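**Q** Structure of the sequence below:
(chains A, B, C and D)
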Number of protein chains: 4
Amino acid sequence: MAEINVGMVGYAFMGKAHSNAWRQAPHFFPGIPRPRLKAICGRTRIAVEHAATELGWESTETDWRRLVERKDIDVVDIVTPGDSHAEIAIAAAQAGKHVICEKPLANSLAEARAMVAAAETAGVRNMVMFNYRRVPAIALAQRLIAEGRLGRIFHYRAQYLQDWIVDPKFPRVWRLDKTVAGSGALGDLGAHIADLALYLVGPVQRVFAVTATMIEERPLPDKRDTLAPVTVDDCAAFIGTIGQATAAFEVTRLAPGRKNYLAFEVNGSRGSLRFNLERLNELEFYDRTLPEPAQGWNNIMVTDGGHPYISHWWPAGHVLGYEHTFINAVADFLAAVAAKGEVHPSFAEGAMTNAVLDAVERSAQSGTWESVAAERRRSAS
Amino acid sequence: MAEINVGMVGYAFMGKAHSNAWRQAPHFFPGIPRPRLKAICGRTRIAVEHAATELGWESTETDWRRLVERKDIDVVDIVTPGDSHAEIAIAAAQAGKHVICEKPLANSLAEARAMVAAAETAGVRNMVMFNYRRVPAIALAQRLIAEGRLGRIFHYRAQYLQDWIVDPKFPRVWRLDKTVAGSGALGDLGAHIADLALYLVGPVQRVFAVTATMIEERPLPDKRDTLAPVTVDDCAAFIGTIGQATAAFEVTRLAPGRKNYLAFEVNGSRGSLRFNLERLNELEFYDRTLPEPAQGWNNIMVTDGGHPYISHWWPAGHVLGYEHTFINAVADFLAAVAAKGEVHPSFAEGAMTNAVLDAVERSAQSGTWESVAAERRRSAS
Amino acid sequence: MAEINVGMVGYAFMGKAHSNAWRQAPHFFPGIPRPRLKAICGRTRIAVEHAATELGWESTETDWRRLVERKDIDVVDIVTPGDSHAEIAIAAAQAGKHVICEKPLANSLAEARAMVAAAETAGVRNMVMFNYRRVPAIALAQRLIAEGRLGRIFHYRAQYLQDWIVDPKFPRVWRLDKTVAGSGALGDLGAHIADLALYLVGPVQRVFAVTATMIEERPLPDKRDTLAPVTVDDCAAFIGTIGQATAAFEVTRLAPGRKNYLAFEVNGSRGSLRFNLERLNELEFYDRTLPEPAQGWNNIMVTDGGHPYISHWWPAGHVLGYEHTFINAVADFLAAVAAKGEVHPSFAEGAMTNAVLDAVERSAQSGTWESVAAERRRSAS
Amino acid sequence: MAEINVGMVGYAFMGKAHSNAWRQAPHFFPGIPRPRLKAICGRTRIAVEHAATELGWESTETDWRRLVERKDIDVVDIVTPGDSHAEIAIAAAQAGKHVICEKPLANSLAEARAMVAAAETAGVRNMVMFNYRRVPAIALAQRLIAEGRLGRIFHYRAQYLQDWIVDPKFPRVWRLDKTVAGSGALGDLGAHIADLALYLVGPVQRVFAVTATMIEERPLPDKRDTLAPVTVDDCAAFIGTIGQATAAFEVTRLAPGRKNYLAFEVNGSRGSLRFNLERLNELEFYDRTLPEPAQGWNNIMVTDGGHPYISHWWPAGHVLGYEHTFINAVADFLAAVAAKGEVHPSFAEGAMTNAVLDAVERSAQSGTWESVAAERRRSAS
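**A** Alright, predicted model coming up:
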């Protein structure tokens, strides 16, 4: 399989990021099959044709069902809002396509489970695009934890803070509409730090949560003098347990100065790790097993050839950016398609994060601890 | 009143910090009455005499009741463990002494309330030593918030992380014994960040909390081959509301590399502030009202003459340390004694933090939201 | 001119970076002419064919003279070692091609001048690839200085520190051979910070310099048991004057932990700027004109839409990396070709930096101040 | 010798810092002889009496010759401007007093040598107050280098940047008058980083330098409408050699935002160290001998009990400030007096730094390399 044909549904911000990944992967990961950007799908013909030109796709569709059925498509990549993920992904899997889906996997746990079932029944490769697992520094963090360098885990704490809707005049875009987006900061930002909890230290078992909508009305995007209600959360804070460890999470879109600040810290009996997406080339590691007095927070510039993914990129110190996470991800996916192997996070793992979000929403309603439904982690592939 | 005579009960770590403050204050705050380090009290004669020499006290007592009754004492400073705060402070107030008490004010809300009542009835100056209010950077943060520079407050988040008991062989000292210490990380560390919430953004109304003891047994300090149960929390995480804002708190003594990491961030509609005690001379301020594209996290070195307390200290950039917070605090206290004025945080404010801790403990038991009892903020002085 | 045909000579590290730039530019700068990666040239057929596939070029040449003469080539991009820059660039210009040349422009000032003359005579667009001018944060720094935000300039200081040859067993590669590389850290790293001095604050007039080769022999790359002399500098330090300002420069390849640490600071009467390439999305600005006490080092995350180049990339806080500097540069070049406009740094500006390097080398020999030859800054285009 | 009687000449900024040190040392270093603040000397009776009260001295003198001759004085501490150091120190030594002298040791190398000779002839303890050697992080740096943790030293680079005279209306105080201050930024700031070079990596052998006075006239302090010439340098940059290593130095008082920014970096074959006085509790250590991929800049919070001086202070993470450097220094001095032992930096070492400053001034005149006179490092005690 020298080439893999890709069709993508959607073409907004995430479409730009995914398209770039498909274009770039073969140049930096020469050993994997070459993806061919076969078709892009959007509802508006003019817009999708413009996108095809700009993003580098060979053809267009305006109905995702047609795209999903095309014989010349091997992989369907879904970058639409969350309310359409399930329908498209299930149809694609049933058509025998391998599927990548933007995060969160679905707007509800029920949908997510249906997607897992469809993908597993079809036996296709499936991945939910929690792209930050492919930040080299985060992959290194995972490796260090897996090697036992932190010992017994005591704490995971993570924040994902942004500020793009602080201005009350910022319009009520689709991400602020529950029927389309499912949730607000919770599903958009909380999903990432819940997935990283899973990736780094394991599944959350129960949560307690609070969510809030602090700016309750905003102007409509296309009708600025009309206010419409914001139907999703602006922020969420939740506490959880992961085995014997505690986990603390906070997300918001109302933190001035925090542009894309995903930060986590893990504390264990042998050491600690911390990370911040705004300085994504760096990982800080405190190793209690080093001889004093040279213990400290070791700021590792994760750009050396021996670090995850870096051998494909630039020399040490020549830093990577946001978009590389997607390129690394699709490269892994293409390799998995070729090898008929596993790729993570699978839909099953994506559903585990949906289960966390689901428990968070229940807890925010009930005001008590809520258990996280115990999804199966691995597909029975 | 040219001189104020001070008597101190206790002489361990906090005794060293308070003694230093009493000695140093007159040299850096020449306008205030001079404190005279009249008497220090401890149960063991040899030890207290040694402490008196080392810490600079003129005389000793071995019974705090005698110290409290001495005619030549104007101020009683209590630096004992929390289980004796109430008894000593109430006796001191009843004897007409002004009182400073180490934090948290008491091991229980009931005791704290009794202390407030005693101090107010007696009409004496009273302050609980939440010394971090006197970090110049934190005082500046408070001033900026009070001036409205952050606008409407959306979020307060704070952590206080340490690592001194990560080693399971670290002994079960008094701070790990509930009957003496009242609680663990919660009362020791959580009290500080709860007080700073009060100082910076206002009183917490309700909380949800989890606490945990992760290392359940430790060797006795004087009998290393005997394990004793740890009866206090190693860590706590709690979520609260402050008016319409959310508040997220986490404290632990099990975070390797975090030596004395008290950090907070406040997000408001006009900007944000963040602070970290390990770099206590710095305050970061994001001002959304500055013209783009020069908005950023403005790292203010809080060592200029115009900054709180700094005119008493060194030139710009000549940084202060931990101990200066106590000196600034006793200087304010001495000035209040002289002026018969207010000083903060009063016992009444200290009781408000006890009310938060009380609600946290109830919530950790009940697994639901618990209201914080509404203490009166100001003494009816 | 809807398409511009590019031919590239060379395909090592810089060839990878330039190829990526040509491929990516049209997707992120849709308004400019589309570059077509027409031909790549290298001496070894198998290797160049492999490179063509991996890097995305349509055809290959093994003799740069043939490439330069091809009718279907509009732009020649030179990424070979410095000893061949002049010959290729002059031939390309004489053939009427627009030329981009890797930095430093040439291994000698005489060669650089000949290149300027050839390009100007031919009237072709010409640019030397000092790619760091296209770091958005550096472009913002330049804008702030040009707007007078720093006032009168007092100081420019810059370091460019790396560590890739600290190990004495690291082989004597071509960059350590004077006949090919011209110089060592000086031409490789010093050229960048000299160009940034020019860009930010103006031309250096005189210099005093020291250079050193600290590891004098190294194994040959292909014959590890044979030591060969290192004939270039490992490091250089030089002091200069820029009008009434002082300038301090230091470069080395022997600074453990400094991976690609290009840092500068500019101090002026109204404020200061500082930058560090390992955190290239950030610019720190100290503005003395802000009201105290809110003056501080303002850490600007240079990822907002209003910042240079960013409107072409990702949302705020979604950081860029090393490779984007090249993409921004070729986009500017393509626009200049289309508009028959100026593009910087021109060969004439590149020659100004060669003049600085030339004076540095003379000073390192003479042990006294040496004047920098006064090149013309602008082509007479 | 249970008590040591100290007399101090001068009482401005440095007098405040030294007085604090004498007062505080016995409380934190209980094993050393107790200093008694016997007498303080200043020319103006009212002012010196005020200072005595504020700073804690028992008696006053208005003629330093009387102080030096007092039988009840063991140690003379000189905190006057540099033009009077030699005369006072020599008289004090001849009177058999131990001597501490503020830095730089003298305004000229000749004076410094005379001071060394006098102190050595008299056989008294002598120390020049380069207080930054007693920053725990710097003492740790010295220890790590002495242990060989950096291997062969390649580079020392240091800056000392301030901004207190950026405003051209800042008056022409005594520090800007060559007859009193000797030099400007060079002697005030450059002396510190030259002494640290000596302390950390060894004596400078030769230098090349440039100095400049950028604001040439300023108002007189007491007559604001009269401008007077600034007769000292505002800034200096110099390059030197230390054995086979290179050294780069820069000092200025015209760097907005740099309040008290003394920073250095040392690069060696096995690793690097860096430090910044504005974060004086931290030392960054890059250890090339650690296994990749966990190499990084290890930020050591130098507040643990095993770190230099810290056992006398507070628990880990409870940070120290500027003034502690003086306390640590006088504690070492008192211990040396008691033990009749060595204490550093001695006058002889102080003279080595004067020799560097002397060569810098000659080089700034001559425009060529100048040798640093080879002073004897150790007193023949």
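**Q** Get me the contact residues on the stretch 101-250 of chain A for chain D.
**A** A:140, A:144 (CB under 8 Å from any CB of the partner chain). For glycine as for every other residue, the C-beta is placed from the backbone atoms N, C-alpha and C.
**Q** which residues in the stretch 101-250 of chain A form strands?
**A** Here the stretch 101-250 of chain A has its strands, by DSSP state E, counting those that start in this stretch, at A:126-129, A:153-161, A:206-212, A:217-220, A:223-229, A:235-242, A:245-252.
**Q** Which strands and helices lie in contact with the second one?
**A** Here strand A:153-161 touches helix A:191-200, strand A:245-252, strand A:261-268, strand B:245-252, going by 3 or more CB pairs under 8 Å, 6 or more residues apart in numbering or on different chains; DSSP states H and E.
**Q** circling back to that earlier point, what would the strands of the stretch 101-250 of chain A look like in CSV with mean pLDDT and mean neighbour count?
**A** As requested, the strands of the stretch 101-250 of chain A are exported to CSV (pLDDT from 0 to 100; neighbours: other CB atoms under 10 Å in any protein chain shown):
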stretch, mean pLDDT, mean neighbour count
strand A:126-129, 98, 29
strand A:153-161, 98, 25
strand A:206-212, 97, 24
strand A:217-220, 97, 16
strand A:223-229, 94, 11
strand A:235-242, 98, 25
strand A:245-252, 98, 27
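**Q** among the ones you listed, which is nearest residue D:226?
**A** For residue D:226, the closest of these is strand A:153-161, at 54.9 Å, according to CB to CB.
**Q** List the pairing partners of that closest one within its sheet, with orientation.
**A** Under the criterion DSSP bridges, strand A:153-161 sits next to strand A:245-252 (parallel), strand A:261-268 (antiparallel) in its sheet.
**Q** tally of neighbours for residue A:164?
**A** Neighbour count for residue A:164, taken as other CB atoms under 10 Å in any protein chain shown: 16.
**Q** before we move on, what about the one 5 residues further on?
**A** Taking other CB under 10 Å as the neighbour definition, residue A:169 ends up with a count of 9.
**Q** Please determine how far it is located from residue A:256.
**A** For residue A:169, the distance to residue A:256 equals 15 Å [CB to CB, to the nearest Å].
**Q** go on, residue A:283?
**A** From residue A:283 to residue A:256 the distance is 26 Å (CB to CB).
**Q** For the stretch 51-200 of chain A, which residue gets nearest to chain B?
**A** residue A:154 (4.5 Å; CB to the nearest CB).
**Q** so what's that residue up against?
**A** Counting by CB atoms under 8 Å, 6 or more residues apart in numbering or on different chains, residue A:154 touches A:245, A:246, A:267, A:268, A:269, B:214, B:234, B:235, B:252, B:254, B:255.
**Q** between those, which is nearest chain D?
**A** Set against chain D, the nearest of those by CB to the nearest CB is residue B:255 (11.0 Å).
**Q** what about chain A, any weak spots by pLDDT?
**A** A:1, A:378-381 (pLDDT under 70).
**Q** try it again with 80
**A** Where chain A drops to pLDDT under 80, the residues are A:1-2, A:376-381.
**Q** quick check: domain ranges of it?
**A** Per the record, chain A has its domains at A:3-132, A:136-279+A:281-320, by automatic domain parsing.
**Q** Show me what from the stretch 101-250 of chain A comes close to chain C.
**A** So the stretch 101-250 of chain A meets chain C at A:162, A:164 (CB under 8 Å from any CB).
**Q** who's in contact with the closest residue to chain D within the stretch 101-250 of chain A?
**A** The minimum distance from the stretch 101-250 of chain A to chain D, using CB to the nearest CB, falls at residue A:140 (6.6 Å). Contacts here follow CB under 8 Å, 6+ apart; on that basis residue A:140 touches A:283, A:300, A:302, A:307, A:308, D:293.
**Q** Pull the most distant pair out of the residues you listed.
**A** A:300 and A:308 (11.8 Å).
**Q** Neighbour count: the two, which is higher?
**A** Between residue A:300 and residue A:308, residue A:300 has the larger neighbour count (other CB under 10 Å), namely 25 against 20.
**Q** mind checking the SS state of the more buried one?
**A** Three-state call for residue A:300 (DSSP: H, G, I helix; E, B strand; the rest coil): strand.
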